[in-house]
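In: I'd like to go over a predicted model; first the sequence, then the structure.
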Amino acid sequence: MAFVPIGVDPGRLRIWQKEALASYDAAASKDFLVTATPGAGKTTFALAVACRLLLSRVVDRIVVVAPTDHLRTQWADAAAAVGLNLDPTMTNAQGPVPDGAHGYVTTYAQVAGRPIIHAARSGRRRSLVILDEIHHAGDGLSWGEAVAEAFGDVHRRLSLTGTPFRTRPDERIPFVGYEMDGDLLRSIADYTYGYRQALADAVVRPVVFAAYTGVSRWRNNAGEVVAASLTDAGTRSVEAAAWKTALDPTGGWVPHVIAAMDERITHLRETGMPDAAGLVLASDQDDARAYAGVVKRLTGEQPMLILSDDPKASKKIEEFRTSTRRIAVCVRMISEGVDVPRAACLAWMTSYRTPLFFAQAVGRVVRARGVHESATVFLPAVRPLLTLAAEMEIDRNYVMAPPPKAAQDDLETLDMPVPEPAEKERSEFEFLDSQAEFAHVLHSGRAVTAEPMTAGPVTEEDEAYLGLPGLLTAEQTAAVLARRDSELRRRVDTAARNHQMGGGDLFTAAEVSSEGLSDGHAGWRAAAELRREVNQLVGRVAARTGSPHAQVHSQIRRSVPGPPSAAASAEVLERRRDHLLGML
């Protein structure tokens, strides 16, 4: 299939994207860094740059480096929509870029695995390398050196980020400039588009942060029963224990908050957003499966369960994106870059509390599709999360210096995985129970509680616009949520009683398998399917003739000249398929 880059329709570009393109043209430099809030449209901007450079013959090849395998497919599909054929299936074992492709999409992990092959591919022709979420190239993740080696000599580099990146004080992210700001290193972006600007331009949805408190009870290693509120836990250690207890799926906090999110989804679907959906973020797979069971019990509908080690995770994300399923429960799978525009609610059921992950996760529910859509984030009323929520309106384009000693907090500051506690440590903590209660909403960095004397009456019409700035005051929003809180408690209690009487619904990882995705018109999809067909036909010919597979492959290459199948274009593969069919 021949692809001619047609470019992004200028009429579809947002104002900030046009301004950023003008800045890029004016800079005419080898490196360009764009910082744009999640959901603003960084992919569209980058593809517009790529098409312009290809059509003007400034570059001959496009290489995209993304954080995850799922995003490889997402980038390739977006590129196909503007006439670019980027292959997301290439491995480090393959050689040249397939004929007919404008380039390929890879991951930071692949680049780190074999930087020399990527240096060869991008150096053979004048290349534009797009580094998506450039903070992943930080030395703190051991990928910076590999990225610098692979792409240090390319013709052009375009770096993108939607969240602040952090490195240690003596390290740098490749291809990023810095300036000192007190004790911090502040990255210098060539173009910045923050959340405030995006909100004013209606590019992103306004977000309502609904914080839920409640009393948690647990038994410590001394055998003492401890009870503490999430809001007034006192010390950090007590707060952490109360938070951990609240997130236990067998307690009362989790079902109460999931019910609150489900009710919000129902309300959105009844008031102009018929496909509204919610995301539940879990810390680990066991919790995710248990939370999925809670969702099934409360809503009667099986949620989509998306686990990081599931080989079908990417397909499940795509299925959830295009379906009408209400809720997905996931473990770190739906974070930066994953595009699910219909997701408008987020339930924070995880102990992760880093600024990077918080911004990434909230970014999944802020992408605007209409002027009357808003997002709601349901979270525990604990200080670390409330602080992050209060800072959402602040552009945090800087590099944070971690504490000098290597402790758990260091890993959280650097957004690295926190190791699981040892078996002895786990046994010293015994969960007892937890309760949930609406605490407040966050507005302009302050906690607003429901005050009936000052909030005034809230009508059903007011509720239809819950969370939209200018239509409800923060006090009225808090009053609506508080009033409905007691109704939710009755609903959860009823579901719990039915669950106990009926034996409960078991939910395991063995979900109903999702249907395969449509191949569409993307060149890489057609080529991947043709390669599978050719390999299958080679096997059939080999079985019929008694010839080794390698001999059949050599024979077909002589009959239909061209590179090996792994690097062949769709046209060559199609001719080989037809030739093999004629041999049977």
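Out: Noted; the coordinates are in hand.

In: ranges for the strands of the stretch 451-584 of the chain?
Out: Defined through DSSP state E, counting those that start in this stretch, the strands belonging to the stretch 451-584 of the chain form an empty list.

In: Where does the prediction get shaky in it?
Out: Scanning the stretch 451-584 of the chain with the threshold set as pLDDT under 70 gives 451-477, 480, 483-484, 486-487, 490-491, 493-523, 525.

In: switch to 80 and redo it
Out: Applying pLDDT under 80 to the predicted model, the residue ranges of the stretch 451-584 of the chain that meet it are 451-529, 532, 550, 564-568, 584.

In: what sits against the nearest residue to residue 39 once chain neighbours are set aside?
Out: Spatial nearest neighbour of residue 39, chain neighbours left out: residue 367 (3.7 Å); criterion: C-beta to C-beta, 6 or more residues apart in numbering. The C-beta positions use only the backbone N, C-alpha and C, and glycine is treated the same way. Residues counted as contacts of residue 367 (C-beta atoms under 8 Å, 6 or more residues apart in numbering) are 38-39, 204-205, 339, 341.

In: Least confident of the residues you listed?
Out: For the contacts of residue 367, the least confidently modelled position is residue 339, at 73, judged by pLDDT.

In: And that residue, how far from residue 365?
Out: With distances defined as C-beta to C-beta, to the nearest Å, the gap from residue 339 to residue 365 amounts to 11 Å.

In: out of the two, which sits in the more crowded spot?
Out: Neighbours were counted for residue 339 and for residue 365 using other C-beta atoms under 10 Å; residue 365 has more, 26 against 18.

In: where exactly do the strands run in the stretch 51-200 of the chain?
Out: Counting by DSSP E, counting those that start in this stretch, the stretch 51-200 of the chain has these strands, from start to end: 61-66, 86-87, 103-107, 127-131, 156-161, 177-181, 184-188, 191-193.

In: Report the angle between the fourth one and strand 156-161.
Out: Looking back up the chat, that one is strand 127-131. 10 degrees (axes from the mean of the first three to the mean of the last three C-alpha atoms, to 10 degrees).

In: Give the partner strands of strand 127-131 in its sheet and their orientations.
Out: For strand 127-131, the paired strands and their directions (DSSP bridges) are strand 61-66 (parallel), strand 156-161 (parallel).

In: Give me the domain ranges for this protein.
Out: Under the assignment automatic domain parsing, the domains of the chain span 10-198, 205-502, 523-583.

In: For the strands paired with strand 127-131, give me CSV that also has mean neighbour count.
Out: Converted to CSV, the strands paired with strand 127-131 look like this (neighbours: other C-beta atoms under 10 Å):
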stretch, mean neighbour count
strand 61-66, 28
strand 156-161, 24
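
In: right, and the ones you listed - which one's nearest residue 547?
Out: Distance to residue 547, taken as C-beta to C-beta, is lowest for strand 61-66 among these, at 37.2 Å.

In: and that closest one, C-alpha only, in PDB?
Out: Coordinates of the C-alpha atoms in strand 61-66 are reproduced here as PDB (Å, rounded to 0.1, in the frame of the first residue of the first chain):
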ATOM      1  CA  ARG A  61      12.500   9.100   7.900                       C
ATOM      2  CA  ILE A  62      10.400   9.300  11.100                       C
ATOM      3  CA  VAL A  63      11.300   7.400  14.300                       C
ATOM      4  CA  VAL A  64       9.000   7.600  17.300                       C
ATOM      5  CA  VAL A  65      10.100   6.400  20.700                       C
ATOM      6  CA  ALA A  66       7.200   5.700  23.100                       C
END
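
In: Most widely separated two among the contacts of residue 367?
Out: 205 and 339 (14.0 Å).

In: got any ranges where the stretch 251-400 of the chain has weak pLDDT?
Out: Across the stretch 251-400 of the chain (using pLDDT under 80), the flagged ranges come out as 271-272, 308-311, 313-314, 332-339, 353-357, 359-360, 368-374, 390-400.
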